[in-house]
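>>> please find the sequence and the predicted model below.
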Amino acid sequence: MAIFDKMIALWILVVFSFFTSCSAGKSEKQAKWDKYLKHIEDAVTDYEECSSENSGCYRSVLDADFKPWRDRGGIKQEDFERGKKDRRNGVVHYQIIGHKLYRQENSMFQPRSVGIEHFLLKLLPLLPDMELLINTQDYPMVNKWIDPTPILSFSRTPNEVDIFYPAWTFWSGGPFLKTYPEGLGRWDEQRKVIGKKSEEFPWKKKKSKAFFRGSRTSSERDPLVKYARQNPSYADAAYTKNQAWKSDADTLGKPPAGEISLADHCKYKYLFNFRGVAASFRFKHLFMCRSLVVHVGEDWKEFFYPAMKPWVHYIPMDVEMKDLPVMIEFVRKYDKVARAIADRGYKFVDKHLRLKDIELYWKNLLLTYHSLMQWKPKRDMSLKQIK
């Protein structure tokens, strides 16, 4: 009888432990959901919408980028010459002299240069004489721990002090894919195409799935792809080929998936954005779907990122993505909350990231840069005129 009693006691202990762990699991999940709701409530309460007038949404970015140069007493010619001497392939020397644009003969990435030069040429009548070093590579150039050089880059991390400029893809250039054989630009046209598709797939018609399609340029994307393979009802995420693809090992052991146009992303409610080699060009496009954007990682940025706020315009996730299942369950359960974030993200991009906002940013960027130049540039005869 004593043995039987011990067996019963042991069974009760096992059952109690099981239900206790289940209850604790539920409580832990709900606690995280409550934490998410609190983040959203606080972020929305604190958020003040910016003004597009005179680059108001991005003025703090310009101020921060040029503060090191103001502190140094301006941009000196020796700083510029040091940048010319130390620059790597992909950093292009431009001059604006007498309202004409000149560029070094060789440009490593011609389509990228075209995307940059569209804005420079358009602004020429307003611009005084100046010379610039514009980085057309993906990687930034100016480490924060060394003496800075005045190089403009489209993307950077907190470890660099390159001066932001709007990426070439607002007008032309990559990525070059089967779905975009001539490159992803132009932004004004993509806004229309994706916006039209979003009207075909309003929130109620979208699939309640997390979605991602892209190449494996970073292993930070792996957790979502692995999750989707195990949970196809909750997520559709797969790797496509890129130029470096050699075997299925490059797509995490599976054959590469077909490419999906950015417009067709609008069929899904939850769109994931990851860094690529640098900041991902897809980020701004995803918002035009009126879907909820989940942005993974916070280091890589473009000039407009700081104006968009986590929990207000998108949901942030750390690169380890340990809470991925809990987050996906959260957005599925709290559908109205998810939709409200999606709507705010769309409205920001639609209202504050138009092509005219990009042109205005370029204008303020160049005029601020010129105001800090401590020398008058002389025509470099090795540069050719760009018309």
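Alright, I've got the coordinates. Numbers count the residues shown, from 1 in each chain.

>>> grab the nearest non-local neighbour of Ala342.
Leu292 (4.2 Å; CB to CB, 6 or more residues apart in numbering). (C-beta placed from N, C-alpha, C; glycine too.)

>>> show me what the one you found is bridged to.
Counting by DSSP bridges, Leu292 forms beta bridges with Tyr270.

>>> can you get me a residue count around it?
Neighbourhood size, Leu292 [other CB atoms under 10 Å]: 29.

>>> now Asp138
Asp138 has 19 neighbouring residues, counting by other CB under 10 Å.

>>> one more: Gly90?
Around Gly90 there are 17 other residues, counting by other CB under 10 Å.

>>> hmm, it is touching Ile134, no?
No - Gly90 is beyond contact range of Ile134, at 9.4 Å (criterion: CB atoms under 8 Å).

>>> any idea of the mean pLDDT for stretch 270-284?
Stretch 270-284 shows a mean pLDDT of 92.

>>> starting at the chain centroid, how far to that stretch?
Computed by CA atoms, centre = their mean, to the nearest Å, the chain-centroid distance of stretch 270-284 equals 5 Å.

>>> what does stretch 303-316 give?
10 Å.

>>> so where's the stretch 251-387 of the chain uncertain?
Filtered on pLDDT under 70, the stretch 251-387 of the chain yields no residues whatsoever.

>>> all helices for it, in order.
282-287, 324-333, 335-352, 355-372 (DSSP state H, counting those that start in this stretch).

>>> dump these into TSV; add distance to Ser172 and mean neighbour count as well.
What follows is these, written out as TSV (distance: least, CB to CB, whole Å; neighbours: other CB atoms under 10 Å):
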stretch	distance to Ser172	mean neighbour count
helix 282-287	15	24
helix 324-333	35	17
helix 335-352	20	18
helix 355-372	13	18
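
>>> so which strand or helix has Gly83?
Element membership of Gly83, judged by DSSP states H and E, is helix 77-86.

>>> quick one: secondary structure of Phe147?
One thing to correct before we go on: residue 147 is Asp, not Phe. Here Asp147 is coil, with the state taken from DSSP: H, G, I helix; E, B strand; the rest coil.

>>> these two touch, right, it and Gly83?
No - using CB under 8 Å as the test, Asp147 is too far from Gly83 to be in contact (10.2 Å).

>>> out of the two, which sits in the busier spot?
Gly83 (21 against 9).

>>> residues touching that one, list them.
Contact analysis of Gly83 by CB atoms under 8 Å, 6 or more residues apart in numbering lists Val91, Leu133, Thr149, Pro150, Ile151.

>>> and those residues, which two are furthest apart?
Using CB to CB, the two most remote members of the contacts of Gly83 are Val91 and Pro150, lying 11.1 Å apart.

>>> shared neighbours, those two?
Residues touching both Val91 and Pro150 by CB under 8 Å, 6+ apart: Gly83, Leu133.

>>> thinking again about what came up before, can you lay out the helices of the stretch 251-387 of the chain as CSV showing distance to Pro232?
Shown next, in CSV, are those (distance: least, CB to CB, whole Å):
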stretch, distance to Pro232
helix 282-287, 21
helix 324-333, 12
helix 335-352, 20
helix 355-372, 38
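
>>> to Lys122, which of the ones you listed lies closest?
The nearest among the helices of the stretch 251-387 of the chain, by CB to CB, is helix 355-372 at 6.5 Å.

>>> wait, Phe304 touches Ser60, no?
No - Phe304 is not in contact with Ser60 according to CB under 8 Å; the separation is 11.5 Å.

>>> looking at these two, which one has more neighbours?
Using other CB under 10 Å, the more surrounded residue of Phe304 and Ser60 is Phe304, with 22 against 13.

>>> how close does the more buried one get to Val349?
Distance, Phe304 to Val349, by CB to CB, to the nearest Å: 9 Å.
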